[in-house]
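**Q** show me the folded form of this:
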Amino acid sequence: MFAVLLAAPGLALLLAVVVYPLVTALVTAFFKQSLVLPGREFVGLQNIVDILTGDFARLLGQTLVFTLGTTIFPFIIGMALALALNTRIPGGKTLRGLMLLPWLIPGVVVSFLWMWIFNANYGVMNALLQALGVISEPQAWLAQPTTAMIAVIVAKTWQSFPWMMVMLLAGLQTVPKELHEAAEIDGAGTIRRFFSITVPQIRGIIGLVLLLEFIWNFQHFDIIYVLTGGGPAGSTQTFATAVYDTAFHGFDLGHAGALGLLWMILLMGLVVVYVRFSEKGEK
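**A** The predicted model follows:
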């Protein structure tokens with residue numbers, strides 16, 4: 001009874017803030033309901049059918065492009081920095097603290113920072129590329145479908161790599177130095193030691209970091225919405241921004257709920273993989 005009393009406040013908060021709104025939103029997927037008109041009408045699976053036969057494939061593709069890009073590139077940068085900081089580099093502790101700054105800055109602030117960098121009129125990106133002779137005239141990076149997604153991925157990568165760097169660095173520091181010393185005596189080079197010793201030793205941490213980052217990026221919202229709002233022409237629209245736009249710009253709660261339901265099913269698949277991976281790591 002004492003344990004139940006201790007857990008009751010947290011469970012009550014979970015039910016009120018998470019479970020009840022979630023169930024209500026999912027139930028809305030089976031109704032025709034507007035944000036501005038009273039009442040609703042039960043339509044069964046019609047909303048889900050409309051979503052699946054509409055832009056669902058395009059949304060899924062763009063969400064996967066964003067998610068994969070903002071998972072792979074931060075991992076590469078984070079691994080490189082972790083390997084560098086794991087050596088006796090001068091000022092390593094100071095650099096480690098400085099590298100965490102992008103991660104500590106709120107997502108909205110990061111968005112406005114990169115909005116300034118990519119600005120077509122006075123952006124730093126255009127000034128730098130023109131000075132190097134890469135481009136002959138300023139480019140509207142956030143207003144072109146071909147470059148908007150790249151710009152959003154770059155901004156999210158800049159924010160994400162410090163977290164990966166810290167996690168990977170913690171993993172690298174658990175690798176026994178004796179293994180590297182023995183392999184070096186046997187004639188193994190740096191690259192061979194990395195793939196034969198380092199990667200197998202931190203394989204669990206690598207898998208956990210990639211999986212968690214993939215799940216978080218699959219539902220990321222703020223940087224995309226502030227930088228592009230899902231545009232131009234829907235080229236950076238993902239599930240997160242599409243649900244928001246459908247509900248609060250299109251005032252269609254039924255289709256927004258249906259899209260959210262399909263989105264949650266995909267996320268549940270990722271969560272199952274994460275739980276199985278975590279249990280395997282514990283064993």
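
**Q** what are the buried residues along the helix or strand in which residue 215 is found?
**A** Using DSSP states H and E, residue 215 maps to helix 203-218. Along helix 203-218, these residues count as buried under the neighbour rule (16 or more other CB atoms under 10 Å): 205-215, 217-218. Heads up, the C-betas are built off the backbone N, CA and C, glycines and all.

**Q** show me the shaky parts of this protein.
**A** Applying pLDDT under 70 to the chain flags residues 280-283.

**Q** from the centroid of it, which residue is nearest?
**A** Computing the C-alpha centroid of the chain and ranking residues by CA atoms, centre = their mean puts residue 217 first, at 1.7 Å.

**Q** so it touches residue 66, yeah?
**A** Yes: Residue 217 is in contact with residue 66 according to CB atoms under 8 Å; the separation is 6.8 Å.

**Q** shared neighbours, these two?
**A** Contact with both residue 217 and residue 66 is made by residues residue 156, according to CB atoms under 8 Å, 6 or more residues apart in numbering.

**Q** re the thing from before, now do the same contact list for the residue nearest to the centre of the chain.
**A** Neighbouring residues of residue 217 by CB under 8 Å, 6+ apart: 66, 67, 70, 71, 156, 160.

**Q** all helices for the stretch 1-150 of the chain, in order.
**A** 2-14, 20-28, 46-52, 56-85, 92-99, 101-104, 107-117, 124-131, 145-172 (DSSP state H, counting those that start in this stretch).

**Q** pretty sure residue 175 sits in a strand.
**A** No: counting by DSSP: H, G, I helix; E, B strand; the rest coil, residue 175 falls outside a strand, being coil.

**Q** ok, of the buried residues of helix 203-218, which one's closest to residue 78?
**A** When the buried residues of helix 203-218 are compared for distance to residue 78 (CB to CB), residue 209 wins out at 8.0 Å.

**Q** show me the contacts for residue 127.
**A** With contacts defined as CB under 8 Å, 6+ apart, residue 127 has no neighbours.

**Q** quick one: residue 42 from residue 10, how far?
**A** 35 Å (CB to CB, to the nearest Å).

**Q** how about residue 139?
**A** Distance of residue 139 to residue 10, given as CB to CB: 50 Å.

**Q** again with residue 224
**A** Counting by CB to CB, the separation of residue 224 from residue 10 is 32 Å.

**Q** higher neighbour count, the two?
**A** Set residue 224 next to residue 10 and count neighbours by other CB atoms under 10 Å: residue 224 wins out with 27 against 9.

**Q** in three-state terms, how would that one be classified?
**A** Going by three-state DSSP: residue 224 is helix.

**Q** that one contacts residue 236, doesn't it?
**A** Yes: if you go by CB under 8 Å, residue 224 and residue 236 touch, sitting 5.8 Å apart.

**Q** identify the residues contacting the spatially closest residue to residue 239 that is not a sequence neighbour.
**A** Nearest residue to residue 239, sequence neighbours excluded (CB to CB, 6 or more residues apart in numbering): residue 263, at 4.4 Å. Residues near residue 263 by CB under 8 Å, 6+ apart: 219, 239, 243.

**Q** touching, the first one and residue 240? I think so.
**A** Think residue 219. Yes: assessed by CB under 8 Å, residue 219 is found in contact with residue 240 at 5.7 Å.

**Q** distance of residue 75 from residue 149?
**A** Using CB to CB, we find residue 75 at a distance of 19 Å from residue 149.

**Q** between the contacts of residue 263, which sits nearest residue 61?
**A** Nearest to residue 61, judged by CB to CB, of the contacts of residue 263 is residue 239 at 11.2 Å.

**Q** next up, the contacts around residue 160.
**A** Applying CB under 8 Å, 6+ apart, we find residue 160 in contact with 70, 74, 103, 213, 217.

**Q** how far does stretch 185-197 stretch from one end to the other?
**A** Using CA to CA, to the nearest Å, the end-to-end distance of stretch 185-197 comes to 14 Å.

**Q** hang on, the earlier thing: need the overlap of contacts for residue 224 and residue 236.
**A** In contact with both residue 224 and residue 236: 66, 152, 230, using CB under 8 Å, 6+ apart.

**Q** what about the first one, neighbour count?
**A** Okay, so that is residue 66. Other residues lying near residue 66 total 24 when counted by other CB under 10 Å.
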